[in-house]
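Participant: one predicted model, sequence on top.
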Amino acid sequence: MVDDAPTVYAIAAHRGFADALVAGLIPRYRQDGFGLARLTLLLPSRRAVRIVTEAFVRASGGALLLPRMVVVGDLDLDETLGALFDPLSVDTPPAIDPTVRLLVLARLLREELAAEPGTVVPGQAALLRLARSLGETIDRLLIEDRSVEHLLDPSVIGLVGDLAQHWIASTRLFARVVMRWRAELDRRGACDAPERRSRLLRAVADRWHAAPPAGAVVAAGVTSAAPAVARLLRVVSQLPEGAVILPDLDLALGDDVWDALGQAGAPAADAADANPVFGWGDIVTHPQYHLKLLLNRMGIARGEVMPWHRAGLAAASPARSRAISNLFLPPVASAVWADLPADDRRLAGVRLMESANPGEEALAIAVLARRALAVPERRVAVITPDRGLAERVVAHLQRWNIAADDSAGRPLSQTAAGRVLLLLAETWAERAAPVPLIGLLGHPLVHSGEERAGWLERVRGLDLALRGPRPGPGLAALRDRVLAARRPDPALIAWWDDLAPILAPLLDSDAARPLGDALAGLVDVAQALCGDGLWAEADGRALAQCIEDWSVAAGDPDLGDTAVDPGELPALLRDALDQVAVRPAYGGHPRLAIYGLLEARMSRADLVICGGLVEGSWPATPASDPILAPAVLRALGIPGADFRIGLSAHDFAAALGAPEVVLSHAARDTGGPTVPSRFLLRIRAMLGDLTRLEHDAVDWARALDHAPRVDPAPRPQPMPSAAQRRVDIAATALDRLRGDPYQFYANAILRLASLDPLDADPSPAWRGTAVHAILEEWHKAGAPVGELVPIAQHALHAMSAHPLMRALWQPRLIAALEWIESEQLALAGEGRQVVAFERWGDLAVRGVTIKARADRIDRLPDGTLAIVDYKTGSPPSGAMVERGFALQLGVIGLIAAAGGVEGVSGQPDRFEYWSLSRRRDGSGFGWRDEPIREGRKRSGVPRAEFLDITRAYLDDALDRWILGSEPFTARLNPDLAGYSDYDQVMRLDEWLGRGGAA
């Protein structure tokens, strides 16, 4: 039985916790024999074990037997504690598997939601997301020794009744699910991991209180204020050879300021029958608040805590701790800043760095690290909660062959192995849509062996074949698209026929499958595509373990139906993989570390660079609990979102204790101007003119990537040779030549063709091609009455058009085709006959071949011809024809008049656009018009002059560009709506509107 006075120390921020700790432990416990090895050192995390181990190595100066180090601060304590304190006889059930727990909670949520009238039960992925949030809320309650029964306390019930209706419903749902969950745990003979940890901690505390261990026990750096942890620390502090050593507890803070922090777990003086953990006036965002909460729960006054007088290798001046203390004074107390002497507010060695954007910030941080590492024995730590910024810093350091790893790791979903599985799930969910399929087949891990070059050649061929609107779902539609290519590649077809059976087990069906079967199917296909290389690296091994955990959990016989729709699988997998962090193997630079906030605790370096110091990142935007209302959590004594801001402030204060510190932020990010972190604003407000800025690193970063200014490209005016100019002209290209000569130059002379994107929206050109193919087949069949619509439906199905596209466009197309059929039947009754359809013709004009494809040519009763051009959209206006920018009808008329269309003779007299778009009066689809100026029309070309004017425009184009020497000027008519295929080639944005256009 021990009831000695507690022994509690605090290491000031400027001393460097790990090195100062070791500097004091070695002389105190290093005795002849195995004195230090008999010491049991309780530490907050595995990372802390590594940091303290490194500190022992630095301080030992030779061989040293290390103390036994035990992790007490995370949910894996049951494994570590059981091994080091064996025998530990405690009747504690095992912790339930976390994945099984998640799936069971999702089942309970589904059943409860289904029982509520009018409630729509979300899909499996959304249910699991909700179950994960519910499980986190349960954990928060268990860590604070709270249960669902506490929701029935009068103080809590009164709050719930005053909440919004959705909070009331959420609280009731939470209570029902938790009660059923507890019954499920009892039936399984298991418990939640936080509950098991608390039981083990209490068992250790009770054991040591009754019978102190033989050796010394020291708890160092443990700041968790959980009741079970506080109880254990209290017992450790009272052991005959025990001590508790707290990090960065501010012993110099005035008693009035300490009291102003609030209640923090201590009963208020006038609270007769209530003992709330958090008072309404508590300053929970202060960096010392959680330490005050811990001390109160330990039953120890701050005055009983003694300062630790040893300093580490990277200690700063003692004035640093005073300045940090003053920096975080509460609002009322901070009024003393105006009267503080310079020594009490000077942060010597601390510099602020502002960059223009995150990219520049990352490079400036890399420059600082590179400069510091050039000094022998100098250690550098980069601390940032922004993992994107950390990745950029790692990439920039590779400029100087400095290997650095982000110790916070990367989510498994962002690794190469994780992306393979996600792409495969997306391919299955979207039934082999081109974008995820090409992404999957081109992934670096797919066929990564010696034959990869040939594999990628086939993937590129498939990419080209699938360009344009999305084909129909399934493998058969993809094969049809490959066969429908303009020039089918036999090698590509054979390659696809070998690949399709590998994908078929997944893609042949979109029916829901049990979760375990779905995961097994994904793994089988991934193995077939990637081989053993998928699992060879750290991310692959983490993926294998993750999949195994989920597969085993999904096979639990008590889960019931675990069927998951393939459409839900990508979101489900992404959420699961996001929970797994893949940390790099330690092999980077020995004096450089890149940390997240959690990993940085207890670490110390000669230069500490804090990056990403903007609001929303450090500190992070407080996220409310989605299950229980903030007021309910506060009444239950559960730390809320603001409490985490206090922890971020403590991390920031600890980082400020290094000898040299650079505090960095970017002025803007991708979303616009940023707001500097409130911690930076405090520094600027307190220091005023004493603020030191870091300019050199930013200047060097800008200089590294500086490039001389390049003047914007001028307006292109290419001048090809006379031989290059003599090319054939298509009727549609003549319009392009006159409207934008550069577009004609790029297409007809340079032979550049644009590629449609994958999953492209159906373009006007694609819809036009489809309509022409349908009408051509109909005319070939003799234009039978009532057959046009069935031909269209069959053609669309044969094109493997995506069902969504067909659903949106097909009804409009069918209505327009019905109009064409009825219109042609009526004209046939008037003696008008179709004499040519989809037929090519050509005409030689001054040695240049003019060619065109006539959509349709009719012979009128008087023997003259009607030139018909089908348009899926609105046809060109009469003004466009009059200005010479829509000459297709006239060019075809010239060719037909000269006998250039096989089987057609006569003089054209009618020039008609048949549009399939909605009529101007909105009465339906399909109408025809002529760009002829007659009657009440004010624009167009007189009928008698139509061919002559067309010929004049044709001769003008030949004289200027084809047979002449005029440059092919880009956007010669900038106000003319036209094609944009070559805007990037002509670098349009560099000169249009900037003086480049005449």
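Facilitator: Cool, the structure landed. Here the structure is a predicted model, which means the values were calculated and not measured.
Participant: verify the stated contact: residue 97 with residue 553.
Facilitator: Yes. Counting by Cβ atoms under 8 Å, residue 97 touches residue 553, with 6.0 Å between them. Just so you know, the C-beta spots here come from the backbone N, C-alpha and C atoms, and that holds for glycine as well.
Participant: so what pairs up with residue 665 in the strands?
Facilitator: With DSSP bridges as the criterion, residue 665 is bridged to residue 354.
Participant: counting neighbours, what do you get for it?
Facilitator: The number of residues packed near residue 665 is 24, by other Cβ atoms under 10 Å.
Participant: isn't it up against residue 612?
Facilitator: Yes. Using Cβ under 8 Å, residue 665 is in contact with residue 612, at 7.0 Å.
Participant: anything in contact with each of these two?
Facilitator: Residues touching both residue 665 and residue 612 (Cβ atoms under 8 Å, 6 or more residues apart in numbering) are residue 361.
Participant: so who does residue 662 touch?
Facilitator: 350-353, 365, 368, 607-610, 694, 697.
Participant: if we use 7 Å, what do you get?
Facilitator: Applying Cβ atoms under 7 Å, 6 or more residues apart in numbering to residue 662 gives the contacts 351, 353, 368, 609, 694.
Participant: next up, the contacts around the second one.
Facilitator: In other words, residue 353. When contacts are counted by Cβ under 7 Å, 6+ apart, residue 353 touches 364, 662-664, 694, 697-698.
Participant: now, which of these lie within strands?
Facilitator: Counting by DSSP state E, the part of these found in strands is 662-664.
Participant: okay if I get the residues you listed as CSV plus distance to residue 766 and pLDDT?
Facilitator: Formatted as CSV, the ones in strands among the contacts of residue 353 follow (distance: Cβ to Cβ, whole Å; pLDDT from 0 to 100):
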residue, distance to residue 766, pLDDT
662, 55, 96
663, 55, 96
664, 50, 97
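Participant: quick check, nearest of those residues to residue 633?
Facilitator: Proximity of the ones in strands among the contacts of residue 353 to residue 633 (Cβ to Cβ) peaks at residue 663, which lies at 32.1 Å.
Participant: my read is that that closest one contacts residue 680, right?
Facilitator: Yes. Residue 663 is in contact with residue 680 according to Cβ atoms under 7 Å; the separation is 6.1 Å.
Participant: out of the two, which sits in the more crowded spot?
Facilitator: residue 663 (25 against 22).
Participant: tell me, what's touching residue 663 and residue 680 both at once?
Facilitator: Listed as contacting both residue 663 and residue 680 by Cβ under 7 Å, 6+ apart are 352, 613.
Participant: is it true that residue 440 touches residue 427?
Facilitator: Yes. Using Cβ under 7 Å, residue 440 is in contact with residue 427, at 5.4 Å.
Participant: which strands and helices sit next to the helix or strand hosting residue 114?
Facilitator: Taking DSSP states H and E as the criterion, residue 114 maps to helix 98-115. Packing contacts for helix 98-115, counted by 3 or more Cβ pairs under 7 Å, 6 or more residues apart in numbering; DSSP states H and E, involve helix 124-143, helix 165-188, helix 538-554.
Participant: angle of whichever helix or strand comes after the first one against helix 165-188?
Facilitator: The one in question is helix 124-143. Later in the chain than helix 124-143, the nearest helix or strand by DSSP H and E is helix 154-161. Angle of helix 154-161 versus helix 165-188, following axes from the mean of the first three to the mean of the last three Cα atoms, to 10 degrees, is 130 degrees.
Participant: CA atoms of helix 154-161 as CSV?
Facilitator: The C-alpha coordinates for helix 154-161 follow below in CSV (Å, rounded to 0.1, in the frame of the first residue of the first chain):
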residue,chain,number,x,y,z
PRO,A,154,-31.3,15.1,-15.6
SER,A,155,-28.7,17.7,-16.8
VAL,A,156,-28.4,15.9,-20.2
ILE,A,157,-32.0,15.1,-20.7
GLY,A,158,-32.9,18.8,-20.2
LEU,A,159,-30.4,19.7,-22.9
VAL,A,160,-31.6,17.1,-25.4
GLY,A,161,-35.2,18.3,-25.2
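Participant: what residues of the lengthiest helix in the chain count as buried?
Facilitator: Identified as the longest helix of the chain according to DSSP state H is helix 803-829. Using 16 or more other Cβ atoms under 10 Å as the test for burial, helix 803-829 gives 805-806, 809, 812-814, 816-821, 824, 827.
Participant: and for the helix or strand that that helix is followed by, what are the contacting residues?
Facilitator: Scanning forward in sequence from helix 803-829 by DSSP H and E, the next helix or strand is strand 833-845. When contacts are defined by Cβ under 7 Å, 6+ apart, strand 833-845 is touched by residues 772, 776, 779, 783, 849-859, 894-896, 898, 900-904, 954, 958.
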